[in-house]
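1. Here is a sequence together with a model predicted from it:
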Amino acid sequence: MFPTIAAAQDSAPAADPAAALADRAGGDAITVGLGAGYMPDYEGSNDYQFTPVPGVIGTVSGINFQVLGNRANADLIPSQPGPSWDFQAGPIGVLNFMRTKRSSIDDPRVRALGTRATALELGGFVGVGKTGVITSPYDKISLSVSYRHDVTGVHKSGIWQPTINYFTPLSTRAAVALFGSAERVETKYLSTYFDVAPSQVAASGLPAFRGRGGWKSWTVGAVGTHSITGDLLSGFKVVGGVTYRKLINDVGDSPIVSIAGSRNQWLGVLGLAYTF
């Protein structure tokens with residue numbers, strides 16, 4: 001959000017409120033927030049629960065970063081002012097909480113399969129963005145691809161994730177972003193989270209299953225924000241979002257998903273944030 005607004009500072013007259021906002025966006029800005037998320041017990045579940053979702057997004061010394069829920073990344077290539085191309089690269093980290101707590105698994109069949117330790121997945125991403133593409137000199141579209149690998153020995157595999165993002169301010173107080181992504185995983189990922197061993201059939205009541213790596217899912221979603229006090233770069237704001245994920249191929253065919261859960265996964269978040 002902040003690099004996009006800053007990119008417009010040379011594109012509008014000084015009297016334009018959006019241009020005045022863009023002038024302020026050249027410096028550091030940080031948004032911190034906390035929301036309530038409504039999401040599946042685990043990926044593939046058809047049981048849902050509420051959980052807190054923290055978030056921090058900002059720009060410090062030209063470095064753009066974000067921490068959203070269990071995911072963090074930083075773009076180490078500073079954005080250039082004005083409508084231009086923006087090249088992106090940096091580290092990414094994800095904490096995978098898939099079936100880590102027995103108490104959070106409502107389905108007795110899946111609970112009988114046991115829990116998993118929390119996996120830490122580390123890697124990096126590269127991407128490119130363009131400011132001023134559709135609605136105004138202020139909007140931005142970005143394409144990126146990331147790779148991360150489990151470094152804790154839980155599933156011992158990697159995940160590829162291509163992503164497309166589109167962001168546009170609606171006014172100096174409101175903005176919306178649309179995104180889509182997909183994930184490709186290795187076979188060990190499936191064996192850790194979605195396989196059912198023959199020895200587990202009696203306890204779980206699920207048929208034995210052994211999957212292979214490949215494309216795991218695709219996801220689309222939208223996020224919006226509206227300032228309560230101030231504008232996009234200051235004060236309190238309401239933030240909300242919704243995503244839909246479709247589990248496909250061997251992941252979708254796993255009994256954990258096709259019998260005990262659902263291939264259709266929804267996530268909703270509503271929260272309050274403060275920008276300074």
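-> Nice, thanks for sending it over.
2. the helices in the stretch 151-276 of the chain, which residues?
-> Using DSSP state H, counting those that start in this stretch, the helices of the stretch 151-276 of the chain run over residues 187-193, 201-204, 249-253, 255-258.
3. Reformat those as TSV; add mean pLDDT.
-> Formatted as TSV, the helices of the stretch 151-276 of the chain follow (pLDDT from 0 to 100):
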stretch	mean pLDDT
helix 187-193	98
helix 201-204	97
helix 249-253	98
helix 255-258	98
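4. Pipe those into CSV and attach mean neighbour count and distance to Arg102 per row.
-> Glycine gets a C-beta too; all of them are placed from N, C-alpha and C. Below are those laid out as CSV (neighbours: other C-beta atoms under 10 Å; distance: least, C-beta to C-beta, whole Å):
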stretch, mean neighbour count, distance to Arg102
helix 187-193, 20, 15
helix 201-204, 14, 14
helix 249-253, 20, 22
helix 255-258, 22, 15
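5. among those, which is nearest Ile159?
-> helix 187-193 (7.0 Å; C-beta to C-beta).
6. Pull the distance from the closest one to the chain's centre.
-> 21 Å (C-alpha atoms, centre = their mean, to the nearest Å).
7. Ala182 - how many residues pack around it?
-> Neighbours of Ala182 under the rule other C-beta atoms under 10 Å: 17.
8. before we move on, what about Gly221?
-> Around Gly221 there are 18 residues (other C-beta under 10 Å).
9. give me every residue that touches the nearest residue to it once chain neighbours are set aside.
-> Among residues not flanking Gly221 along the chain, Thr243 sits closest, at 3.3 Å (C-beta to C-beta, 6 or more residues apart in numbering). For Thr243, the contact set (C-beta atoms under 8 Å, 6 or more residues apart in numbering) comprises 219-221, 266-268.
10. what's the distance between Thr243 and Met39?
-> According to C-beta to C-beta, to the nearest Å, Thr243 and Met39 sit 9 Å apart.
11. Check Ile259 too.
-> 21 Å.
12. Now, of the contacts of Thr243, which are buried?
-> Among the contacts of Thr243, those scoring as buried are 219, 221, 267-268 (criterion: 16 or more other C-beta atoms under 10 Å).
13. possible to save those residues as CSV with distance to Val67 and pLDDT?
-> Shown next, in CSV, are the buried ones among the contacts of Thr243 (distance: C-beta to C-beta, whole Å; pLDDT from 0 to 100):
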residue, distance to Val67, pLDDT
Thr219, 19, 98
Gly221, 18, 98
Leu267, 17, 97
Gly268, 20, 97
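14. out of the contacts of Thr243, who's nearest Phe97?
-> Checking the contacts of Thr243 against Phe97 with C-beta to C-beta, the nearest one is Leu267 at 13.5 Å.
15. which residues in the stretch 1-150 of the chain form strands?
-> Counting by DSSP state E, counting those that start in this stretch, the stretch 1-150 of the chain has strands at residues 29-40, 48-60, 63-68, 71-75, 85-96, 119-131, 140-150.
16. what's the closest of those strands to Phe167?
-> Comparing the strands of the stretch 1-150 of the chain by C-beta to C-beta, strand 140-150 comes nearest, at 5.0 Å.
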